[in-house]
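>>> Sequence plus the predicted model coming up.
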Amino acid sequence: MDFSEQIFSAEEWEACLKVLHALKDQPFRNPDNKTFSGLITKIHKNAKKQNRHEMYSEMKFESRLSPNL
């Protein structure tokens, strides 16, 4: 992954992944579940929204390339 355009360093990313891996099987073993669950929910929601937008844009682009006869 190229970290030149990220808002965090490679070390911060590794620390984040380490925490998420530690919590994946026991998500309530964190010091602030309200904040943790809220952030996870927002990340998931925004990722789904972005994926839908990208899929829609891709479908729109493909429909322009091959118009119906």
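Perfect, I can see it now. The shown structure was predicted, so the numbers you read here are calculated from the model rather than taken from an experiment.

>>> Helices of this structure, residue ranges please.
10-23, 33-65 (DSSP state H).

>>> Output the below-cut-off pLDDT ranges for this structure.
67-69 (pLDDT under 70).

>>> Spatially central residue for it, please.
A47 (4.5 Å; CA atoms, centre = their mean).

>>> what separates that one from Q26, distance-wise?
23 Å (CB to CB, to the nearest Å). In this view, the C-beta of every residue, glycine as well, is placed from N, C-alpha and C.

>>> thinking again about what came up before, could you dump the helices of the chain to a markdown table with distance to D2?
Below are these laid out as a markdown table (distance: least, CB to CB, whole Å):
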| stretch | distance to D2 |
| --- | --- |
| helix 10-23 | 10 |
| helix 33-65 | 19 |
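
>>> Can you tell me which of those helices is nearest to F3?
Counting by CB to CB, F3 lies closest to helix 10-23 out of the helices of the chain; the figure is 5.0 Å.

>>> buried sites along the closest one?
By neighbour count with 16 or more other CB atoms under 10 Å, helix 10-23 contains no buried residues.

>>> mind checking which of the helices of the chain is nearest S4?
That would be helix 10-23 among those, by CB to CB, at 10.4 Å.

>>> So what touches the closest one?
Contacts to helix 10-23, defined as CB atoms under 8 Å, 6 or more residues apart in numbering, come from residues 1, 3, 6, 8, 29-30, 36.

>>> Most neighbours among those residues, which one?
F36 (16 neighbours; other CB atoms under 10 Å).
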